[in-house]
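Trainee: Could you work out the structure for the sequence below:
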Amino acid sequence: MLAISSVHAAVIRDTEIEHTIQDYASPLLAAAGIQAKDLGLHIIKDKAMNAFVHGGHHIYITTGLLTAAKHPGQIQGVLAHEIGHITGGHLARLRHAVSNRRKEALIGQLVGVAIGLMGKNSSLTAATALKTQDIALKKLHKFNRTQERSADQVAIKLLNQAQISARGLLEFLTLLEGQELLVRARQDPYLLTHPLTRARINFVRNKVKLSNLSNKPVNPQLMARHARMLAKLKAFLNPPSQTLAEYSTKDEDKNARYARAIALYRNARLNEAVDLMGNLITQSPHSPYFHELKGQILFESGNLSLALPSYEKAVRLKPSASLLRVGLAHIQIELQTPSLNKSAIKNLVQALRYDRTIPLCWHLASIAYGRNNQLGMSALMLAEYNELTGRPADARQQAKKAIRILSKNSPGWIRAQDILRQNKQDRRHDAK
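Mentor: Numbers count the residues shown, from 1 in each chain. Next up, the predicted model:
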């Protein structure tokens, strides 16, 4: 279910879309020798086209880029390029380069001040400083262009090893090429953060021309999933009226009905949305995401008892999906039925095995453990929740409470100690 993360306001979470992007990336990661579990793929709600690497093995990609892509091959081309930045260690080198450029700019400012003071000429001070800053910026841009060429080379290699046509990468670069004529303020951030040159496009074009994979069609299953993802994103991001106009009732395609159900749900026409999802489930009973959406609609309309079996079915079909388990546990807790509490704890523990970055999971776990009279674990879950959501003082308070209640040297007690230790280190770092 598409939802905005409460930790990073722009990051959205949805099991279906995340798994689709992960499957796009899977063969590329294998070619790069990177374990899928070691790479974070994050989706940012932003109309602009952009993708970038941050924090080591984390790739961020915008909804604008996803919806602009005509087929999976274009997204795979972008992912291959970003993985090229990771394997090349470009992020660490960029930090070093930025640091050096800042030092150059600062030295230039100091020299400019010294010259200006000696000559009593403030305009000379400013001119000297600006000139040095300009030189530093040009050096940084040159460094970026070098990295982009290197990432393109790695991208071509990875695409070839994964038996994927590089035509998608070429199509994406060609799409960006037309933006170079736009004023800077109207250009997509991808073009600003990934400097595009004629040499880059020619390099990729030549590789496509020489490759025996160039005309290889995109995997039909991925094409189908791309169409489904596109319909879902548009339905959640665009106004419901726009979605209902684009995917009219005359269109009986499965993706069109999926989009209409989401638009009806967002437009508070819940009964119509439930009926439409029921029809889709009849046609595709093994889609966990159809069951999830039906469950979410019923949940938000207050029909918790009817929502429960929908989420149970979704989890049975996709047991490793943390977000689905959190959704099921949420309903189990809201029903306030004692017999469901232990099942809720089990679902939340399983969800945390796969993903520890869902704030709601920790919050619900604190409630479930509290109802089960496991007050030490409840405090620990609240400590984790507050740590994740940027409330260090509350995290310390709950961690200390957990330490007082939990058995010494138990896993929970040790984890509470770790939270306090990390909290203390963070405070020292912030104080510097």
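
Trainee: can we go C-alpha only for contacts and neighbour counts from here?
Mentor: Noted.

Trainee: so Val326 touches Asn347, yeah?
Mentor: Yes. In this structure Val326 lies within contact range of Asn347 using Cα atoms under 8 Å: 6.9 Å.

Trainee: Burial check on the nearest residue to Leu264 once chain neighbours are set aside, number of neighbours?
Mentor: By the measure of Cα to Cα, 6 or more residues apart in numbering, the closest residue to Leu264 outside its immediate chain neighbours is Ala273, 5.4 Å from it. The local packing count at Ala273 equals 24, with neighbours defined by other Cα atoms under 10 Å.

Trainee: Equivalent analysis for His42, please.
Mentor: There are 17 residues near His42, going by other Cα under 10 Å.

Trainee: The helix or strand hosting it: how far from the chain's middle?
Mentor: Element membership of His42 [criterion: DSSP states H and E] is strand 40-44. Per Cα atoms, centre = their mean, to the nearest Å, the displacement of strand 40-44 from the mean C-alpha position of its chain is 1 Å.

Trainee: tell me which strands and helices the helix or strand just after it is in contact with?
Mentor: Past strand 40-44, further along toward the C-terminus, the next helix or strand under DSSP H and E is strand 51-53. Contacting strand 51-53 under the criterion 3 or more Cα pairs under 8 Å, 6 or more residues apart in numbering; DSSP states H and E are the following elements: strand 58-62, helix 72-87.

Trainee: now, of these, which is deepest in the fold?
Mentor: Ranked by average neighbour count under the criterion mean count of other Cα atoms under 10 Å, the helices and strands packed on strand 51-53 are headed by helix 72-87 at a mean of 25.

Trainee: Export it to CSV, keeping only CA atoms.
Mentor: Only the C-alpha atoms of helix 72-87 are listed here, as CSV (Å, rounded to 0.1, in the frame of the first residue of the first chain):
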residue,chain,number,x,y,z
PRO,A,72,11.7,-1.5,-17.6
GLY,A,73,14.9,-1.4,-19.8
GLN,A,74,15.1,2.4,-19.3
ILE,A,75,15.0,2.0,-15.5
GLN,A,76,17.5,-0.9,-15.6
GLY,A,77,19.8,1.4,-17.6
VAL,A,78,19.6,4.0,-14.9
LEU,A,79,20.1,1.4,-12.1
ALA,A,80,23.1,0.0,-13.9
HIS,A,81,24.6,3.5,-14.0
GLU,A,82,24.0,4.1,-10.3
ILE,A,83,25.4,0.7,-9.4
GLY,A,84,28.4,1.8,-11.5
HIS,A,85,28.9,4.7,-9.0
ILE,A,86,28.7,2.2,-6.1
THR,A,87,31.2,-0.2,-7.5
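
Trainee: Show me where the protein dips below the pLDDT cut-off.
Mentor: Across the chain, the ranges flagged by pLDDT under 70 are 1-9, 88-145, 178-195, 197, 429-432.

Trainee: ok, 80 please
Mentor: By pLDDT under 80, the low-scoring segments of the chain are 1-9, 55-56, 88-146, 177-197, 426-432.

Trainee: just to revisit the earlier point, which residues touch the residue nearest to Leu264?
Mentor: 260-262, 264-265, 297 (Cα atoms under 8 Å, 6 or more residues apart in numbering).

Trainee: Serialize those to TSV and add fields for neighbour count.
Mentor: Formatted as TSV, those follow (neighbours: other Cα atoms under 10 Å):
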residue	neighbour count
Arg260	29
Ala261	30
Ile262	29
Leu264	21
Tyr265	25
Ile297	24
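
Trainee: which pair in these spans the largest distance?
Mentor: Longest distance between any two of the contacts of Ala273 is 13.2 Å, between Arg260 and Ile297; criterion Cα to Cα.

Trainee: so what's Tyr60 closest to, chain neighbours aside?
Mentor: Once its chain neighbours are removed from consideration, Tyr60 has its nearest residue in His42; the separation is 4.7 Å (Cα to Cα, 6+ apart).

Trainee: Likewise for Ala162?
Mentor: Closest residue to Ala162 in three dimensions, ignoring its sequence neighbours and counting by Cα to Cα, 6+ apart: Pro27, at 5.5 Å.

Trainee: Surely the one you found is in a helix?
Mentor: Yes. Pro27 forms part of a helix when assessed by DSSP: H, G, I helix; E, B strand; the rest coil.

Trainee: In this structure it contacts Ile83, no?
Mentor: No. With contact taken as Cα under 8 Å, Pro27 and Ile83 are classed as non-touching, separated by 11.6 Å.

Trainee: Look up how far Leu176 lies from Lys47.
Mentor: Look at Lys47 and Leu176: by Cα to Cα, to the nearest Å, they are 15 Å apart.

Trainee: same deal with Ala379?
Mentor: Spatial separation of Ala379 from Leu176 under the definition Cα to Cα is 50 Å.

Trainee: When those two are compared, which one has more neighbours?
Mentor: Neighbours around Ala379 and Leu176, counted as other Cα under 10 Å, are more numerous at Ala379. The numbers are 28 against 17.

Trainee: which secondary structure elements does the one helix or strand the more buried one maps to contact?
Mentor: Ala379 belongs to helix 375-388 when elements are defined using DSSP H and E. Here helix 375-388 is seen to pack against helix 359-371, helix 392-405, helix 411-431 when contacts are counted using 3+ Cα pairs under 8 Å, 6+ apart.

Trainee: Run a quick neighbour tally on Gln161.
Mentor: The tally of other residues near Gln161 (other Cα under 10 Å) stands at 14.

Trainee: any idea where the helices of the stretch 151-300 of the chain begin and end?
Mentor: Chain-ordered helices for the stretch 151-300 of the chain, with DSSP state H, counting those that start in this stretch as the definition, fall at 167-177, 189-193, 198-210, 220-237, 240-246, 254-266, 270-283, 288-300.

Trainee: Can you name the residues in contact with the last one?
Mentor: Read it as helix 288-300. The set of residues external to helix 288-300 that reach it, using Cα under 8 Å, 6+ apart, is 1, 16, 265, 270, 273-274, 277-278, 280-281, 304, 306-311, 313-315, 317-318, 324, 331.

Trainee: Count the neighbours of Gly390 for me.
Mentor: The criterion is other Cα under 10 Å. On that basis, Gly390 has 11 neighbouring residues.

Trainee: From Leu210, how far out is Lys45?
Mentor: Summarising the geometry, the distance separating Lys45 from Leu210, computed by Cα to Cα, is 37 Å.

Trainee: One more: Leu382?
Mentor: Leu382 sits 57 Å away from Leu210, going by Cα to Cα.
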